[in-house]
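[1] no FASTA, just this:
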């Protein structure tokens, strides 16, 4: 998982030792009114998963300054989880919550998103020990045959609405596929667990610039995480840590390498598709302004935290709704990025050493 067993057990122990959670919605949790089937249809999560999330949120709220005038925590959590699942405020949940004003519903989502996003330090964890890094790299190699890969790196675009009257701002949100979006930087492992999520920028941003300015990018390029690769698409520059596909393969071994690269890159595409399927708010985040993207960032981070928790509880995905989004091709610079000869040499040596002959069953779909 993205967070190791000791961390998971420590969280559970802290929840248990914190005593009985403060009561919300009277003597029962708001979620007790739902059958298991209705609970999944409404929140796209299972009862044990929601119970864990609710306990974790209550524990966070107890240690933070919280206005007494706010609705009970469970009410706001119910409102937020329903919004994440459907991207709208459903009338049934609105009636149960007793929040009649749109501003109150939005406020509940913003408050809970801030709380859950703050839980990312526990539930979105990068491998920090040699043992953890080796374990992830071993699983990556089993999947695709490329050694010393610590994760898959990619930009994730989320549709938004922007005002066309501010032409400069509107244009900044338009991405390579022609729609308005915000973009965040994701890293995941071979099983689709999120290891890192950073940034929330306008859709026209280059992924290489996101990487260069990100905390994780600076740590990796400074060698703080060891001599590992990260699988990156065409929008990234090949470097000593970012492994990109060969642009124009001229040999069978380069073709095999590109196939292996694409295979592991599809893990990221599948993970992002699963997130948008479970949390349909990510299919359209609503109106956004360039100067204030923090609230969108919190929603993206919250859904990332909940994605990892849902995977830990093996919660199935809900049925598909509508057509899936096309894969993002990457935003290329008008002129080719300068690549160091050392990075080209390192990639070629990796290809020659590991893809000189067919890797057999590991290339099978």
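    On my side now, so go ahead. Note that the coordinates shown come from a computational prediction; the quantities given were computed from them, not determined experimentally. Numbering: from 1, shown residues only.
[2] Was I right to think residue 118 contacts residue 60?
    Yes - with contact defined as C-beta atoms under 8 Å, residue 118 counts as touching residue 60 (6.5 Å). Placement of C-beta: from N, CA and C, glycine included.
[3] Could you look up the SS state of the nearest residue to residue 189 once chain neighbours are set aside?
    Leaving aside its chain neighbours, residue 189 sits nearest to residue 136 (5.2 Å; criterion: C-beta to C-beta, 6 or more residues apart in numbering). The three-state label given to residue 136 by DSSP: H, G, I helix; E, B strand; the rest coil is helix.
[4] so who does residue 136 touch?
    127, 150-151, 189-190 (C-beta atoms under 8 Å, 6 or more residues apart in numbering).
[5] can you put the residues you listed in JSON lines and add neighbour count, secondary structure and distance to residue 312?
    What follows is those, written out as JSON lines (neighbours: other C-beta atoms under 10 Å; DSSP: H, G, I helix; E, B strand; the rest coil; distance: C-beta to C-beta, whole Å):
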{"residue": "127", "neighbour count": "21", "secondary structure": "coil", "distance to residue 312": "16"}
{"residue": "150", "neighbour count": "25", "secondary structure": "strand", "distance to residue 312": "21"}
{"residue": "151", "neighbour count": "32", "secondary structure": "strand", "distance to residue 312": "18"}
{"residue": "189", "neighbour count": "24", "secondary structure": "coil", "distance to residue 312": "13"}
{"residue": "190", "neighbour count": "20", "secondary structure": "coil", "distance to residue 312": "16"}
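[6] ok, so of these, who is nearest residue 96?
    Proximity of these to residue 96 (C-beta to C-beta) peaks at residue 189, which lies at 37.0 Å.
[7] Check the gap between the closest one and residue 307 for me.
    Going from residue 189 to residue 307 by C-beta to C-beta, to the nearest Å gives 13 Å.
[8] now swap in residue 341 and tell me
    Taking C-beta to C-beta, one finds residue 341 at 39 Å from residue 307.
[9] okay, those two: which has more neighbours?
    residue 307 (26 against 7; other C-beta atoms under 10 Å).
[10] Need the phi and psi values for the more buried one.
    Phi and psi for residue 307, reported as degrees, to the nearest 10, are phi -60, psi -50.
[11] Residue 229 too?
    Residue torsions, per degrees, to the nearest 10, at residue 229 are phi -100, psi 160.
[12] thought it was touching residue 153?
    No - at 9.7 Å, residue 229 and residue 153 do not qualify as touching, with contact defined as C-beta under 8 Å.
[13] which residues do these two both contact?
    residue 242.
[14] Show the contacting residues for the residue nearest the centre of the chain.
    By C-alpha atoms, centre = their mean, the chain has its centre lying nearest to residue 304, at 4.2 Å. Residue 304 makes contacts with 120, 124, 186, 194, 197, 275, as judged by C-beta under 8 Å, 6+ apart.
[15] Near residue 300, how many other residues are there?
    Using other C-beta under 10 Å, residue 300 has 26 other residues around it.
[16] what about the stretch 201-350 of the chain, any weak spots by pLDDT?
    Residue ranges of the stretch 201-350 of the chain with pLDDT under 70: 322-323.
[17] What are the boundaries of the helices in it?
    Assigned by DSSP state H, counting those that start in this stretch, the stretch 201-350 of the chain shows helices spanning 207-213, 215-221, 252-278, 294-312, 341-354.
[18] Residue 167: which of the ones you listed is closest?
    Once the helices of the stretch 201-350 of the chain are compared by C-beta to C-beta, helix 294-312 is nearest, at 21.0 Å.
[19] Next, report how far the one helix or strand residue 121 maps to is displaced from the centre of its chain.
    Using DSSP states H and E, the element containing residue 121 is helix 120-123. Centroid separation for helix 120-123 versus its chain: 12 Å, with C-alpha atoms, centre = their mean, to the nearest Å.
[20] which helices and strands sit right next to it?
    On a contact count with 3 or more C-beta pairs under 8 Å, 6 or more residues apart in numbering; DSSP states H and E, helix 120-123 meets helix 294-312.
[21] Compute the inter-axis angle for the helix it packs on and helix 252-278.
    Interaxial angle, helix 294-312 versus helix 252-278 (axes from the mean of the first three to the mean of the last three C-alpha atoms, to 10 degrees): 100 degrees.
[22] Please identify the buried residues of helix 294-312?
    Buried positions in helix 294-312, judged by neighbour count with 16 or more other C-beta atoms under 10 Å: 295-312.
[23] Now do the same contact list for the nearest residue to residue 262 once chain neighbours are set aside.
    Setting aside the residues directly before and after it, residue 262 is nearest to residue 245 in space (C-beta to C-beta, 6+ apart), at 7.2 Å. Residue 245 makes contact with 233-234, 257-258, 261-262, according to C-beta under 8 Å, 6+ apart.
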